[in-house]
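Colleague: Okay, sequence plus prediction incoming.
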Protein chains: 2
Amino acid sequence: MTSPGKKRNSEILKNANLRQTHPRLAVLDALMEADIPITRQQIAEHLSDSAPDKVTIYRVLECLIKKGIVHKAFMKERTAFFEMAHNCSKTQCHPHFTCTSCRKTVCIKNAKMPLAEINEQGFAIKHQKVELEGLCPECNS
Amino acid sequence: MTSPGKKRNSEILKNANLRQTHPRLAVLDALMEADIPITRQQIAEHLSDSAPDKVTIYRVLECLIKKGIVHKAFMKERTAFFEMAHNCSKTQCHPHFTCTSCRKTVCIKNAKMPLAEINEQGFAIKHQKVELEGLCPECNS
DNA sequence: TTTCACTTGCAACTCAGTTGCAAAAAGCGT
DNA sequence: ACGCTTTTTGCAACTGAGTTGCAAGTGAAA
Ligand SMILES: [Zn+2]
Ligand SMILES: [Zn+2]
Ligand SMILES: [Zn+2]
Ligand SMILES: [Zn+2]
């Protein structure tokens, strides 16, 4: 509840010109503590009793994404996973690796990928997303 | 209806040890003619009157994906887009570029991307997927 | 404290994709 | 060509993430 990052979350909202509301601080808190991409449901579970309504969580996430504070990292089993965008460069966040055996997904924060180049004229790449699949260390033995 | 690739599709099924059925040939035909990633619904629309049931299309796609004949290229608006895998290398198919303005997606077939390298030990990358976002030539002016 | 635009909660909805099961049909040996 | 076995298909009912409309609540500026 009284996590050390509470004040920082308040700053984040202030810098983004967003009103200080309980749902926004709560969602930021959940994403900060998780430190890996999580679903709307996991956000609600993290906040348990004080969790905002499902719809509110989606709307808060939408708003934070628009401000560049949060990213929709990837989809898995038709469900979106969100994470703080603070480890991401402007054009590219880190790749995510999903194990085809145990279905766990991890962030690969140290992998550097060059931005793709498109031969045809006129394309302006604003963002690149890389997803990896394979066997994780535990399943690869 | 009598597309020139009918015989080739039959060959594809034979090589994969799959039974020759109308739904399988029809789905292959739709994907072949489209030549870009399309949804289950677009497959059905392409086949109009002779379209197999929704469930059958999903099951055919699942089966073709398992054999490496088709790829799930990407998700957009919670909907999967499928395409023939014949332009893909084993570990990576071409990137897809989605315009943030007009929401159209195109295949970037000539972009070469190196495979990501993971510093931690034990990961076996089997497949890499790259998604690009930005402005397409038409919206970029 | 008043005001007002922005935000939240609820209920009802949408719609891609899934599940269970009985009927159809592909392929094989005769 | 005929029946037999296994696989595949179609239908109806279901699932569950995400969305919409609207009335009630709240942040913050004046
Ligand atoms: Zn694993
Ligand atoms: Zn991550
Ligand atoms: Zn465009
Ligand atoms: Zn493509």
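Modeller: Yes, it's here. Numbers count the residues shown, from 1 in each chain, chains lettered A, B, ... in the order given. Ligands and ions are numbered 1, 2, ... in the order given.
Colleague: Report how many residues lie close to the residue in chain A that ligand 2 sits nearest to.
Modeller: Of all residues in chain A, A:Cys107 sits closest to ligand 2, at 3.2 Å by CB to the ion. Just so you know, the C-beta spots here come from the backbone N, C-alpha and C atoms, and that holds for glycine as well. When counting by other CB atoms under 10 Å in any protein chain shown, one arrives at 17 neighbours for A:Cys107.
Colleague: Can you name the residues that contact it?
Modeller: A:Ile36, A:Pro37, A:Glu83, A:Asn87, A:His94, A:His96 (CB atoms under 8 Å, 6 or more residues apart in numbering or on different chains).
Colleague: give me that answer again for 6 Å
Modeller: A:His94 (CB atoms under 6 Å, 6 or more residues apart in numbering or on different chains).
Colleague: So what does it have for phi and psi?
Modeller: Torsion angles at A:Cys107 (phi, psi; degrees, to the nearest 10) stand at phi -80, psi 130.
Colleague: which residues does it bridge with?
Modeller: A:Cys107 has these beta-bridge partners by DSSP bridges: A:His96.
Colleague: Strands of chain A, residue ranges please.
Modeller: A:70-76, A:79-84, A:96-99, A:105-107, A:124-135 (DSSP state E).
Colleague: Buried deepest among the ones you listed, which one?
Modeller: For the strands of chain A, average neighbour numbers computed from mean count of other CB atoms under 10 Å in any protein chain shown are highest in strand A:96-99, which has a mean of 21.
Colleague: Is it in proximity to ligand 1?
Modeller: Yes - under the criterion of CB under 5 Å from the ion, ligand 1 is reached by strand A:96-99 at A:Cys99.
Colleague: close enough to count as contact, A:Leu135 and B:Lys126?
Modeller: No - using CB atoms under 6 Å, A:Leu135 is not in contact with B:Lys126, being 7.1 Å away.
Colleague: Identify the residue nearest A:Ala111 in space, chain neighbours excluded?
Modeller: In this structure, A:Ala111 finds its nearest non-sequential neighbour in B:Ala116, 4.7 Å apart by CB to CB, 6 or more residues apart in numbering or on different chains.
Colleague: Next up, phi/psi of the closest residue to A:Lys14 other than its chain neighbours, please.
Modeller: Distance criterion CB to CB, 6+ apart; nearest residue to A:Lys14, sequence neighbours excluded, is A:Gln20 at 7.5 Å. Taking degrees, to the nearest 10, you get phi -80, psi 110 for the backbone angles of A:Gln20.
Colleague: Now for A:Gln20, how many residues are close by?
Modeller: Look at A:Gln20: counted by other CB under 10 Å, it has 10 neighbours.
Colleague: what does chain A put close to DNA strand C?
Modeller: Residues of chain A found near DNA strand C, taking CB under 7 Å from any atom of the strand as the criterion, are A:18-19, A:21-24, A:52-53, A:55-56, A:59-60, A:63, A:78.
Colleague: Next one: the nearest residue to A:Leu132 once chain neighbours are set aside, what pLDDT does it get?
Modeller: Leaving aside its sequence neighbours, A:Leu132 sits nearest to A:Phe97 (CB to CB, 6+ apart; 4.2 Å). pLDDT for A:Phe97: 97.
Colleague: Which residues are in contact with A:Phe97?
Modeller: A:Val106, A:Ile108, A:Leu132.
Colleague: list the helices and strands the worst-scoring helix or strand of chain A on mean pLDDT packs on?
Modeller: Here the helix or strand of chain A ranked lowest by mean pLDDT, DSSP states H and E is helix A:6-15, holding a mean of 94. Packing contacts for helix A:6-15, counted by 3 or more CB pairs under 6 Å, 6 or more residues apart in numbering or on different chains; DSSP states H and E, involve helix A:22-34.
Colleague: Measure how the helix it packs on sits relative to strand A:79-84, angle-wise.
Modeller: Counting by axes from the mean of the first three to the mean of the last three CA atoms, to 10 degrees, helix A:22-34 lies at 90 degrees to strand A:79-84.
Colleague: sorry, back to before: the residue nearest to A:Ala111 and A:Tyr58, how far apart?
Modeller: 31 Å (CB to CB, to the nearest Å).
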